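1. predicted model and sequence below, questions to follow.
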Amino acid sequence: MAALIRRKPEPGRDEIPPGTLYLLVLKTLATRGRLHGYEIAESIQSCSEDVLQIEEGSLYPALQRMLLKGWVTAEWGVTAGNRRARYYTLTRDGRKQLGIEVQQFERVMGAITRILQTA
């Protein structure tokens, strides 16, 4: 899954590690509940203290793939600003996938940490 932020990150912002976009979106929906795409991106940016910024060109294709996989459902609604938006909700399969994504991330981060500690 190649879903990253911007080609040249702004100072203070880093690229999302490859393969973690699903993890971030699933966790955001698990924590915050029903959200539209902009709210998902804003939540990730806010929780990361502005280090991570997900661009629309990465987020919306990932959400579409997640819909096809059955990890999220979507329905049209109206935002607080009275705009039409597609709202996403985590499914039971999405919660299971979140657990898988967390395990994979922890395994990879553990391996990277071991390498850094021996360097």
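-> Looks like it arrived, so ask away.

2. wasn't residue 50 part of a strand?
-> No - going by DSSP: H, G, I helix; E, B strand; the rest coil, the assignment for residue 50 is coil, not a strand.

3. got a pLDDT number for it?
-> On pLDDT, residue 50 comes in at 91.

4. in the lengthiest helix in the chain, what's buried?
-> Once the chain is assigned using DSSP state H, the helix that runs over the most residues is helix 92-118. By neighbour count on 16 or more other Cβ atoms under 10 Å, the buried set for helix 92-118 is 94, 97, 98, 101, 105. Backbone N, C-alpha and C define where each C-beta goes, glycine included.

5. kindly report the same for stretch 31-51.
-> Result for stretch 31-51 [16+ other Cβ under 10 Å]: buried residues 35, 36, 37, 39, 40, 41, 43, 44, 45.

6. the third one contacts residue 58, correct?
-> What it means is residue 37. No - using Cβ atoms under 8 Å, residue 37 makes no contact with residue 58, being 10.8 Å away.
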